[in-house]
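K.L.:
Sharing a sequence plus its predicted fold:
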Amino acid sequence: METENPLSTQRAAARKKIRKRAKKLAKAERRTITVEQAARALGVSRNSGYQFARAGLIPVLRLGNRLLVLKAPFEKMLRGGMQAA
């Protein structure tokens, strides 16, 4: 008769905990997207996306050197409810 390895039981429990946490995080809605994602949504290149962001044509939040596109204003802009500066 084979006994169950306590280490494998611990690993299985850890994997289950990680999967549960990942599901919870996946449900949380992010309020920002990357400039690359915004550029894809606009159908332009990554470089053009960054040029638009620097020019103020895409609503961004600057965190240090990082640019994050604010999702709600960006989606409003795509719907035509926001004029470019």
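P.N.:
On my side now, so go ahead. The structure displayed is predicted, hence computed values, not measured ones.
K.L.:
With adjacent residues omitted, what lies nearest to the residue nearest the centre of the chain?
P.N.:
Nearest residue to the geometric centre of the chain (CA atoms, centre = their mean): residue 33, 4.8 Å. Nearest residue to residue 33 in three dimensions, chain neighbours excluded: residue 69, at 5.0 Å (CB to CB, 6 or more residues apart in numbering). C-betas here are computed from N, CA, C, even on glycine.
K.L.:
wait, isn't the residue nearest to the centre of the chain in contact with residue 75?
P.N.:
No - assessed by CB atoms under 8 Å, residue 33 is found out of contact with residue 75, at 9.6 Å.
K.L.:
contacting residues around the helix or strand hosting the residue nearest to residue 33?
P.N.:
For residue 69, the host element (DSSP states H and E) is strand 66-70. Applying CB atoms under 8 Å, 6 or more residues apart in numbering, the external contacts of strand 66-70 come out as 31-35, 37-38, 50, 53, 58-62.
K.L.:
State the pair within these that is farthest apart.
P.N.:
31 and 50 (20.0 Å; CB to CB).
K.L.:
neighbour count winner among the two?
P.N.:
residue 50 (17 against 11; other CB atoms under 10 Å).
K.L.:
all helices of this structure, in order?
P.N.:
6-27, 35-42, 46-55, 71-79 (DSSP state H).
K.L.:
tell me what the shortest one is packed against?
P.N.:
With contacts defined as 3 or more CB pairs under 8 Å, 6 or more residues apart in numbering; DSSP states H and E, helix 35-42 has these neighbours: helix 46-55, strand 66-70, helix 71-79.
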